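> Sequence and predicted structure are below.
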Amino acid sequence: MSKIIIIGAGAMGTAFAFPCVDRNHDTTIIGTHLEDKFIDELKNNNNLHPALKMNVPKSINISKFEKFDSILKSKADLLVLAISSKGIEWVAEQLHKVYKDLELPSLLMLTKGLSLYENKYELLVDKLGRLLYSKGIKKITVSAVAGPCLAAGLANKVHSSVVIANKDIKVAKKISELLNTNYYHTSYSDDLAGVEVCAAIKNIFSMAVGASKGLCSNNATKEIKEKNYLNTASALIKQSINEMEIFTEYLKGKKVTVSGLAGLGDLYVSSAGGRNSKMGSYLGEGMTFSQAKNTEMKNITVEGADLIFEIGKRIKEDFNEKQLPIMIAMIDAILEDKKLDIRWENFS
């Protein structure tokens, strides 16, 4: 039995605790400073998690932020970060406060992201490592998990497969073996860059595949499009994989990773009905990003769009529409707030 601490009481952080306790690990969820009220309400409602729509087992310890320091000092074997990408600076500071004079446990990030630092692409795992190192924490081991695993499915213990990645394959294998159950199937990889790049950029391509109904024909009726868009979706998926391979290799990841769980697997799930796919459907119908966001998805996070705002301009400096026709079309549609126009003639 190992001791696992999960920072973040959202849907995925909570769902991740299920396979942990099913492996008989001592599992604790510690909420962020923004989740105190949420945790009070959850406990007052028989541990009913509103996002998962199910009761969290009593075997999973759930604590408010006030116990953050004492819980983290209890010598965890694995520290899981289930916070938003915007909370990386915050969590780095909190970890520094606790572990400045202690050994930092092995970290596993559920959060995916890609940003720019000094005008260079930076993975979220690298950003966390940089922030911790700058605060004086020198011994840092950060792994990542990616793959087609929706929180509700995991909490309901449906068969789900993910990949654990670390530059040291032995570390990745150890964490994989720690978490594997008869429904949470874990593999491992030393391609940390490839896994993280795929996990981030698949959100952009999910929007494109989500646009397939609207893009499948300029002349067909809505009824015909509803029944005959799969040819178009397949073409978009195939081209998306090509472009993900190009971009992943550019960021020093392995091409083969794109055809695995972090790439093709996650793209499939995201395209089948997530937030990014939903935004894509509106873009495919001819709406601009601002129209769709303000009228249909006002308070909903669209990760693919957020990523484009973060790195879209830099991508256009490094690539052209002949190399990445889908990616460039999505970037233009969102940054310039214009109708989506994909150059099909540039598909490879």
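Alright, I've got the coordinates.

> what about the strands in the stretch 51-200 of the chain?
With strands called from DSSP state E, counting those that start in this stretch, the stretch 51-200 of the chain shows them at 54-55, 61-63, 78-81, 106-109, 114-117, 120-123, 142-146, 160-165, 184-189.

> Columns distance to residue 347, mean neighbour count and mean pLDDT on top of the ones you listed, output as TSV?
Where you see a C-beta, it was placed from the backbone N, CA and C, and this is true even at glycine. Listed next are these as TSV, based on distance: least, CB to CB, whole Å; neighbours: other CB atoms under 10 Å; pLDDT from 0 to 100:
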stretch	distance to residue 347	mean neighbour count	mean pLDDT
strand 54-55	43	14	94
strand 61-63	48	18	95
strand 78-81	38	24	97
strand 106-109	34	23	97
strand 114-117	24	16	94
strand 120-123	25	18	96
strand 142-146	26	26	97
strand 160-165	28	25	98
strand 184-189	29	20	98
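
> Quick check: which of those strands is nearest to residue 249?
Closest approach to residue 249 among the strands of the stretch 51-200 of the chain (CB to CB): strand 120-123, 12.8 Å.

> how distant is that closest one from the center of its chain?
16 Å (CA atoms, centre = their mean, to the nearest Å).

> helices and strands around that strand, which ones?
Other helices and strands packing on strand 120-123, by 3 or more CB pairs under 8 Å, 6 or more residues apart in numbering; DSSP states H and E, are strand 114-117, helix 192-210.

> Name the residues of stretch 153-161 that are buried.
Residues of stretch 153-161 classed as buried by neighbour count (16 or more other CB atoms under 10 Å): 154, 155, 160.

> Find the residue closest to the one residue sitting closest to the centre of the chain in space, skipping its chain neighbours.
What sits nearest the mean C-alpha location of the chain, by CA atoms, centre = their mean, is residue 112, with 3.9 Å. Leaving out its chain neighbours, the residue that sits closest to residue 112 by CB to CB, 6 or more residues apart in numbering is residue 199, at 4.0 Å.

> Quickly note the distance from that neighbour to residue 46.
34 Å (CB to CB, to the nearest Å).

> who's more crowded, these two?
Using other CB atoms under 10 Å, the more surrounded residue of residue 199 and residue 46 is residue 199, with 26 against 9.

> roughly how far is stretch 320-339 from the heart of the chain?
With CA atoms, centre = their mean, you get 22 Å for stretch 320-339.

> and if you look at stretch 295-313?
Chain-centre distance of stretch 295-313: 14 Å, with CA atoms, centre = their mean.

> Spell out, range by range, the helices that occur in the stretch 151-300 of the chain.
Per DSSP state H, counting those that start in this stretch, the stretch 151-300 of the chain carries helices over the ranges 151-155, 169-179, 192-210, 212-215, 222-228, 230-250, 255-258, 266-271, 275-284, 289-295.

> Show me what the second one is packed up against.
Under the contact criterion of 3+ CB pairs under 8 Å, 6+ apart, the helices and strands touching helix 169-179 comprise strand 106-109, strand 142-146, strand 160-165, strand 184-189.

> ditto for the last one
For helix 289-295, the elements it packs on are helix 275-284, judged by 3+ CB pairs under 8 Å, 6+ apart.

> ok and the helix it packs on relative to helix 230-250, angle-wise?
Going by axes from the mean of the first three to the mean of the last three CA atoms, to 10 degrees, helix 275-284 is angled at 120 degrees with respect to helix 230-250.

> now residue 83: how far from residue 95?
11 Å.

> go on, residue 184?
Taken as CB to CB, the span from residue 184 to residue 95 is 26 Å.

> Buried ones in stretch 37-50, by neighbour count?
For stretch 37-50, by 16+ other CB under 10 Å, it's 38, 39, 42, 49.

> Quick check: mean pLDDT of it?
Mean pLDDT, stretch 37-50: 94.

> Next, the distance between the ends of it.
With CA to CA, to the nearest Å as the measure, stretch 37-50 spans 13 Å from end to end.

> and what of stretch 44-51?
Counting by CA to CA, you get 16 Å between the two ends of stretch 44-51.

> How about stretch 135-154?
Terminal-residue distance, stretch 135-154 (CA to CA): 35 Å.

> what are the ranges of the helices in the stretch 1-150 of the chain?
Along the stretch 1-150 of the chain, the segments classed as helices by DSSP H, counting those that start in this stretch run 11-22, 36-44, 68-72, 88-99, 124-134.

> I'd like to know which of these lies nearest to residue 295.
helix 11-22 (25.5 Å).

> quick one: contacts of the closest one?
Outside helix 11-22, the residues that touch it by CB atoms under 8 Å, 6 or more residues apart in numbering are 4, 6-7, 27, 29, 49, 51-52, 56-57, 59-60, 80, 82-83, 110, 151-152, 154-155, 157, 179-181, 183-184.

> Swap in 6 Å and give it another go.
Outside of helix 11-22, the residues within contact range by CB atoms under 6 Å, 6 or more residues apart in numbering are 4, 6, 27, 29, 49, 51-52, 59-60, 82, 110, 151, 154-155, 179, 181, 184.
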